[in-house]
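Undergrad: coords please:
(chains A and B)
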Amino acid sequence: MFRLLEWLGETEGNDTVEQPSHRLLISDGFANVPVKNQYGKSFRFHDAFVSSNRALVINSMYTVCKGSCPQTSDVISELRKVLFPVFGHQLVFLSFTLEPEVDDCNALREYAKTFGASVDASDACDWHFLTSTPADIERLRKSLGFYDLNPKIDSDVTQHGNSLMIGNPIKDRWSSMVASLPMNQLTSTIRRVAGFTFEQRYGISQY
Amino acid sequence: MRRRELLQGLGAAIAANCVVSNAHPQDPPGPFALPSTRFSANRATQLPRDAFKRKLPIPLAARPTAIGTFEELSDKPRVFGPGDATPIGQCFHGVAQEWGETPEHWRAYGCEPGLPTAIERWNDKKKNFGTIPHYLDGQLIENWSGFPIKCFKVPIVEAMHGFQSDEKRTRVYAYAGMVPGPSLKMRLGQPAMIRFENHLEAEMSIHLHGGHSPSHSDGFPSFYVLQGKARDYFYPNMLPLLCKEGRYVPDLGESQSTMWYHDHAMDATAYNVSKGVAGLAPCFGEEELKLIHDRVLPGLGPHSCLDPEQYQLARDSKGNLDLSYECPENPGFYKHELGKEPYFNPYDIPLVLQDKVFDESTGQIAYDYTGHNGYLGDTMLVNGISYPQLEVRNRKYRFRILDGSNARVFSLRILSSEDFWRLQKNGIDEAAADDATLPTLTSRHQKYENISKPYLRIGKDTWLWSNAVRKKRIVVAMANRADIVVDFNELTQSQHNPDASLKPGETREFFLVNTMPQQDGRGPKVKLDDGGDPRVLPLPFDTADRPVAELRIPMALMKFVVTYNPPGNDPGDPVGDAEASIEDGTSLIKTHNHISDEDVKVVREFIFERGKGAWQVNSRFYDPNISNACPSLDGAEEWVLKNEGGGWWHPIHIHLESHQIVRYEKDGRADEVIDRADPPTPNRLVNLKDVTHEIGKTEVSGLHDTQVLGPNTVVRIRMRHRTWRGPFVFHCHNLEHEDMRMMFNFEPVPGKDHDPNIAPAARSHGNDVTLGDRMGELPWEYPPAPASPVEDSGVNVIPPRPAPKKAKTTTSISGGIK
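TA: Next comes the predicted model:
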């Protein structure tokens, strides 16, 4: 088998595998719906975030949630500070609302204020709270996999899960984690899955 | 209405609701968001035009890069090939530290813990294990014997693979560039040292499924092979020891037969495995070799028991490696030929079953990230290609079948060509008019039973059974293996009309099909539009009498083309091309050691359930840094595995050792009242009924490593924990569930005074210290236990075991904890 390796070694520098005309990415299916953040700025979801070459942590929330949202948002406000020295602005946190009827940009901004995300921070990763029309939020939510297979649970916003979707659109690596896990596991998984460089991912030098 | 006939008695009214809810499309508009990657349930019954044209590929066997004793290999460059100067254990992650360690508990096996160097400790272990006398049919056999160590190197690379056709190439992750990975042929008692070198932009952790390997070579989820790095996996291929009358003897019943290896990295196993990283690792032990030697099992008799390179690599007169052993197109792999490949056997064929969705526009694998319920494919693959064909002779063949899919459960039947094509056109309901008054479920089952061809099942999972059992249908869930023997001579003979039997020059065709209805990753289920039963399937076993739901149109997997060439005709067979003697009931493995009531010291309960949008065990998410169970090393425990999820199937795989079934219980009434969307409800499992007797005696008394929990099920299993201290994991082998944290750690602890309710006081052995002083321990790898002991969850809530039928044993445990 070592000769296979030699063969791999010989062709190093060239691409050892032929390139397909188009590489299918997991994120190809994420909806490109118009969204607005807590400052009222408009984006198209896929163009602005998935194609922006930045790592993403995505969750769903709504401002009047009395369940898991405050806790999850608290975790995120911690994560964006802890991970800033590792990622800088290469990592973006996105929280999209499940109640777009109620949560307009102002409501989101008020909510963001509670968690220190109402102004751009220089010592923490960006954190956007997103809203849109109910139909577009629905498309976004389904395309990102934030749904339950049981339609009764799925249509009840109070029963939404508290998972964080973690991904790196360039490396096409995606994973999900429950936000209530211990902080060291959240940070290590986000680094490992969403990191760009060896150092970002494993916390040690490659050499 | 046939459906009505099924819904009898109390269940009827509630089940009628179920019918209504089933009428609405409940699945989200996916599972794949792109139009070109949509899952099509019908694809499997609409065969492509070129189906059954391509030949079934047989995975190549990897050739060792070096063979020798530890002294010969230690500190030497190039033992992993001329291009690799790094000696054993000096790659980034090093070698499993267990290689050169002798913890105190090995004293019981005769080893001396105080020896100063790793080589001495290794040789001491080898000596003591190798000299324990053990007998098979009066003949002395060696256990961890004088066989030298075989070194292999397996690069994990991104490659292109033609799943659907030779032209349409798909990007995959692959062991040595192959899908499935190369066969790693193991010999019991012969250690293997495999350097897995990760060339991917993803971290890997390789699990040898079924092996009795030390923790640092077992694929523990956070003991990675990082991107661009390598780890030397050390597989001792040794048997655990059994204490009999105060003396330790090798537990021959644990001799592995069909192992496999696949990725096990945290949070990403499902994606990685769906991209191709899985392969087979058959292991040959004395008892199985004897069966092959004596031509009980198909093969070339004694010639299929030989490994030409067991002690050293073949070299030519100039001392160079003899390349005539290797496949010219694939240097580094054995030629599939007698006298070259170890244990060469043209009648022992692995079948790795997988399913994937392919993107129509690019031909790439479409992995559905959003469907956390389990990735289900619509294109069936055998050994990495869709709808292959295999030419066989009219004689007996052994097939080692592995369900290597992420979430699909198979129900396997063999159909004749005529029946298969008729069913493709008309479906089973129209075929062969039987008793029209029977409900669909029963009549389908009967019709399938009438036309299915019989074969012998000889093993489940990693181990062979005590005897061969005649079957017409077997259920194989994720990670399960089924070892079968098909007699193509019997299939091509016609008892009533000898003229219809296969004659020289003729061929006959048979199809391996899947009849399991499954629409999503949650588990097999029947949709009403398929004309079937709205209830979930009763049991994940090939039950003898109870009819189970089956597809109207069977899903083809592959085709067998039988040519007339009976045994005795092949001049290439040095022992006269004799037929295998195996038939229904033939005795196979006689050494399985039953775990009795007296042996069980502890009972633990584990509840597998959905929670907070992911999956939990005992209401907890997996944490790689804690121990969820600390059994006594060398002891035996009984574990109660519960699945309350109404529609979810969870195949539970427990690492380290085999387990045995004590009792399989099922709440059939809960099956009848569930909605297909099945929210978890607490009031299930109240009408439990023991269905163990339906499984079949041989399967119940056999060994398992992956126990399928169908919906509303409670299974009691028993297992021993021996040799290695851990940490090890057990988890759901629906890989998406595993990634979403349906996993627990267990860590056997040595010592007579160990309290199995308490985590060990010091777990320094759990650290991955192979990084040595160069790096320090990686912060996320297994840390030492906290200073104070941690109470295990589940104290005082472990249910009593039901009293044995005959109340004669007084030693049975009633309270659970010792």
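
Undergrad: which stretches of the chain have low pLDDT?
TA: Just going to use chain A. A:1-22, A:149-150 (pLDDT under 70).

Undergrad: wrong one, I was asking about chain B
TA: In chain B, residues with pLDDT under 70: B:1-34, B:44, B:142-145, B:371, B:431-441, B:526-538, B:544, B:646, B:671-683, B:758-818.

Undergrad: give me every residue in the stretch 401-550 of chain B lying close to chain A.
TA: When proximity is defined as Cβ under 8 Å from any Cβ of the partner chain, the stretch 401-550 of chain B approaches chain A at B:520, B:522. Bear in mind the C-beta positions are built from the backbone N, C-alpha and C, glycine included.

Undergrad: the stretch 401-550 of chain B: helices as residue ranges?
TA: B:417-426, B:440-451, B:488-491 (DSSP state H, counting those that start in this stretch).

Undergrad: now do the second one against helix B:417-426, angle only.
TA: Following axes from the mean of the first three to the mean of the last three Cα atoms, to 10 degrees, one obtains 150 degrees for the angle between helix B:440-451 and helix B:417-426.

Undergrad: show me how far helix B:440-451 is from its chain's centre.
TA: Remark: helix B:440-451 is offset 29 Å from the chain centroid, using Cα atoms, centre = their mean, to the nearest Å.

Undergrad: name the residues of that helix that come out as buried.
TA: Buried positions in helix B:440-451, judged by neighbour count with 16 or more other Cβ atoms under 10 Å in any protein chain shown: B:440-448, B:451.

Undergrad: does residue B:705 touch residue B:651 like I think?
TA: No: under the criterion of Cβ atoms under 8 Å, residue B:705 makes no contact with residue B:651, lying 10.1 Å away.

Undergrad: show me what contacts residue A:167?
TA: Residue A:167 is in contact with A:26-27, A:55-56, A:58, A:173-175, A:193-194, counting by Cβ atoms under 8 Å, 6 or more residues apart in numbering or on different chains.

Undergrad: any idea whether it is helix, strand or coil?
TA: Recorded secondary structure, residue A:167: strand (DSSP: H, G, I helix; E, B strand; the rest coil).

Undergrad: and it, how far from residue B:271?
TA: Note on residue A:167: its distance to residue B:271, by Cβ to Cβ, to the nearest Å, is 11 Å.

Undergrad: what's the overlap in contacts for the two?
TA: Common neighbours of residue A:167 and residue B:271 (criterion: Cβ under 8 Å, 6+ apart): A:173-174.

Undergrad: can you tell me the closest non-neighbouring residue to residue B:275?
TA: Distance criterion Cβ to Cβ, 6 or more residues apart in numbering or on different chains; nearest residue to residue B:275, sequence neighbours excluded, is residue B:173 at 4.1 Å.

Undergrad: part of a strand, is that neighbour?
TA: Yes: inclusion of residue B:173 in a strand is indicated when three-state DSSP is applied.

Undergrad: give me the most central residue, chain A.
TA: residue A:57 (2.3 Å; Cα atoms, centre = their mean).

Undergrad: paired strands for the host helix or strand of that one, with orientation please.
TA: Taking DSSP states H and E as the criterion, residue A:57 maps to strand A:55-61. Sheet pairing here is set by DSSP bridges, and for strand A:55-61 it gives strand A:91-97 (parallel), strand A:163-168 (antiparallel).

Undergrad: quick one: which of residue B:705 and residue B:651 has more around it?
TA: residue B:705 (27 against 23; other Cβ atoms under 10 Å in any protein chain shown).

Undergrad: how far away is that one from residue B:99?
TA: 24 Å.

Undergrad: over to residue A:130?
TA: 52 Å.

Undergrad: residue ranges of the helices in the chain, please?
TA: Went with chain A since none was named. A:2-10, A:45-48, A:69-82, A:84-87, A:105-114, A:134-144, A:151-154, A:183-194, A:198-202 (DSSP state H).

Undergrad: switch to chain B, please.
TA: So, for chain B - with DSSP H - the helices run B:2-6, B:11-23, B:70-73, B:118-130, B:269-274, B:286-293, B:417-426, B:440-451, B:488-491, B:668-673, B:692-695, B:697-701, B:735-739, B:772-775.

Undergrad: mean neighbour count, those helices: which tops it?
TA: Of all the helices of chain B, helix B:735-739 carries the top mean neighbour count, a mean of 27, counting by mean count of other Cβ atoms under 10 Å in any protein chain shown.

Undergrad: restrict it to CA atoms and write it as CSV.
TA: Provided in CSV are the C-alpha atoms of helix B:735-739 (Å, rounded to 0.1, in the frame of the first residue of the first chain):
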residue,chain,number,x,y,z
LEU,B,735,-25.0,7.6,12.8
GLU,B,736,-27.0,10.9,12.9
HIS,B,737,-28.3,9.9,16.3
GLU,B,738,-24.8,9.1,17.4
ASP,B,739,-23.6,12.5,16.3
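
Undergrad: which helices and strands sit right next to it?
TA: Under the contact definition 3 or more Cβ pairs under 8 Å, 6 or more residues apart in numbering or on different chains; DSSP states H and E, helix B:735-739 sits against helix B:269-274, strand B:728-732.

Undergrad: can we see that at 7 Å?
TA: Contact partners of helix B:735-739 among helices and strands, from 3 or more Cβ pairs under 7 Å, 6 or more residues apart in numbering or on different chains; DSSP states H and E: helix B:269-274.

Undergrad: the helix it packs on packs against which elements?
TA: strand B:258-263, helix B:735-739.

Undergrad: now render the ones you listed as CSV, adding distance to residue A:78.
TA: Shown next, in CSV, are these (distance: least, Cβ to Cβ, whole Å):
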stretch, distance to residue A:78
strand B:258-263, 31
helix B:735-739, 24
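
Undergrad: for the ones you listed, which one sits closest to residue B:37?
TA: helix B:735-739 (16.8 Å; Cβ to Cβ).

Undergrad: ok, and what's touching the closest one?
TA: B:267-270, B:273, B:372-375, B:406-407, B:521, B:615, B:650, B:731-732 (Cβ atoms under 7 Å, 6 or more residues apart in numbering or on different chains).

Undergrad: residue contacts, residue A:76?
TA: By Cβ under 7 Å, 6+ apart, the neighbours of residue A:76 are A:59, A:93, A:95, A:127.

Undergrad: look up how far residue B:257 lies from residue B:542.
TA: With distances taken as Cβ to Cβ, residue B:542 is found 19 Å from residue B:257.

Undergrad: which one of the two is surrounded by more residues?
TA: More crowded of residue B:542 and residue B:257, by other Cβ under 10 Å: residue B:257, with 24 against 21.

Undergrad: which residue is the nearest non-sequential neighbour of that one?
TA: Here the residue nearest residue B:257, using Cβ to Cβ, 6+ apart, is residue B:464, at 5.1 Å.

Undergrad: before we move on, what about residue B:348?
TA: residue B:398 (4.6 Å).

Undergrad: what's the neighbour count on residue 63?
TA: Reading this off chain A. 21.

Undergrad: that answer is for a different chain, and I need it for chain B
TA: Residues contacting residue B:63 under the criterion other Cβ under 10 Å number 29.

Undergrad: which residues are in contact with it?
TA: For residue B:63, the contact set (Cβ under 7 Å, 6+ apart) comprises A:1, B:325-326, B:332-334.

Undergrad: who does the closest residue to residue B:277 other than its chain neighbours bridge with?
TA: Using Cβ to Cβ, 6+ apart and skipping the chain neighbours, the partner closest in space to residue B:277 is residue B:263 (4.4 Å). For residue B:263, the beta-bridge partners are residue B:206 (DSSP bridges).

Undergrad: in this structure residue B:522 contacts residue B:648, no?
TA: Yes: look at residue B:522 against residue B:648 with Cβ atoms under 7 Å: they come within range, at 5.3 Å.

Undergrad: ok, residue 100 - contacts?
TA: No chain was given, so I picked chain A. Going by Cβ under 7 Å, 6+ apart, residue A:100 touches A:131-134, A:137.

Undergrad: not quite, I wanted chain B
TA: Contacts of residue B:100 (Cβ under 7 Å, 6+ apart): B:118, B:121-122.
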